[in-house]
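Q: Sequence plus the predicted model coming up.
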Amino acid sequence: MAKEAPSSFSSLPNDIVLNILARVPRRFHPKLCCVSKNLGSLVRSSELRKTRSLLGKDRFNFYVCLVDSMAMDLSYQWFTLSCGNRRLVSVPFPSPDPSLWPYTSAVPVGSEIYLVGGSRFMWILDTRSGQLRLGPSSPVGSKHEGVGLVHDKIYVFGGTCEKECYQDIQAQVFDLKTQTWLIAPNPSLTLAHYVRHVVNPSLGRKIYAVGSGCESCDSIIVYETRDGTCDRIIIDDEVTNLEMCVVDNVLYMYYQYVGLMWYDSMAKEWRLVHVHGLKLGDRFLNHLVMTEYDGKLAFFWQQGQKDEIWCAMIALYGTSHVAIWGRLEWSDCILSQVPSHYYILHVVACPDY
């Protein structure tokens, strides 16, 4: 009698697969995305986030880094925020080399924060233990680069090289699995200065960054990590204080004086997100930072000339290529009596496990 072939995991109903995937720690998600396109789409789906939330598997803390622009040591001041508490609480995390602070990007990987850029040095902050350690040095040091996390690799591209002899190397990649640096495909555009970039998550294998330079002015540069080809998304040259984020494979940008926009990649147009309960375009926001949280957009900003830092959580509805709406879930002052020379440098969401 012939043996029956074992059932394939992909042949199971989606609700069962989601229930299984919801119990897999987030640090293994990049590996699951490499198994198949179908599994990758489930791992990145809003349905999985809802299942994890129902099972109590998605507990995140925000880590907010402030810097004092007038201090001689330029040290970081770290705070943590849980959505239940809605107040920033100081945490005694150490600071890396103070000469790097204006140029670093914070990349969350599980419960660790990788501080990348500004030089060849990379620092790794463990949010559970509060310990800071020096990671492997990159082959080339640069400033004003674009940074992005794609699966289990951190890409650093463009920017200004520290030494002329290395200017031919325009892209590097750090493999989180092997903890080693490699040379990545050079971008097809010469990009000397980035002012904003989407660190995590990236759209597929592409990284989005706002360029500032002769070739990339007034546009978002889309870097394809596989071969280095770059595309452009044009933005209004009068737009200032740009901030970007990716949620559910949709690129969002906050335009000062206009509001929250989403990019329709089919029509190649920016469209307005109507946020019920909050008109972001009417607010004067200083040092705005956006980050993805459980399929939602979290806004952090310093309120006008006041000595306060605020946070707003916005749930998103609708379908890309049709229309997207937002609904304010809550908005609150999370820190008061902030000196005017302090500003928000980083905001990252790390799982609490």
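A: Thanks, I have it. Because the structure is a prediction, the values reported are computed rather than measured.
Q: Test my guess that L316 contacts L328.
A: No - with contacts counted by Cβ atoms under 8 Å, L316 stays clear of L328, the gap being 11.3 Å. Every residue, glycine included, has its C-beta placed from N, CA and C.
Q: Give me the sheet partners of the helix or strand hosting V147 and which way each runs.
A: Per DSSP states H and E: V147 is located in strand 146-150. Applying DSSP bridges, strand 146-150 is found paired with strand 153-157 (antiparallel).
Q: Residues contacting the strand it pairs with, please?
A: 107, 109, 114, 116-117, 138, 142, 145-149, 170-176, 184, 186-187, 191, 207, 223, 225 (Cβ atoms under 8 Å, 6 or more residues apart in numbering).
Q: before we move on, what about stretch 116-129?
A: Against stretch 116-129 from outside (Cβ under 8 Å, 6+ apart): 61, 63, 93, 96-97, 99-105, 107, 111-115, 131-143, 145, 147, 154, 156, 159, 162, 174, 350.
Q: Kindly check the end-to-end length of that stretch for me.
A: 20 Å (Cα to Cα, to the nearest Å).
Q: Beta-bridge partners for K143, please?
A: T160.
Q: Ok, the one 4 residues further on next?
A: On the basis of DSSP bridges, V147 takes part in beta bridges with V156.
Q: Count the residues that sit near it.
A: V147 has 24 neighbouring residues, counting by other Cβ atoms under 10 Å.
Q: any idea how far it lies from Y317?
A: The spacing between V147 and Y317, counted by Cβ to Cβ, to the nearest Å, is 30 Å.
Q: swap in P139?
A: In terms of Cβ to Cβ, P139 sits 45 Å off from Y317.
Q: go on, L42?
A: Taking Cβ to Cβ, one finds L42 at 21 Å from Y317.
Q: Which one's more surrounded, the two?
A: Each of L42 and Y317 has its neighbours counted (other Cβ under 10 Å); L42 has more, 18 against 11.
Q: how much space is there between that one and D294?
A: 16 Å.
Q: R86 too?
A: 15 Å.
Q: Kindly report the same for A171.
A: Taking Cβ to Cβ, one finds A171 at 31 Å from D294.
Q: The two: who's more crowded?
A: Neighbour tally, A171 and D294, criterion other Cβ under 10 Å: the higher count belongs to A171, 23 against 18.
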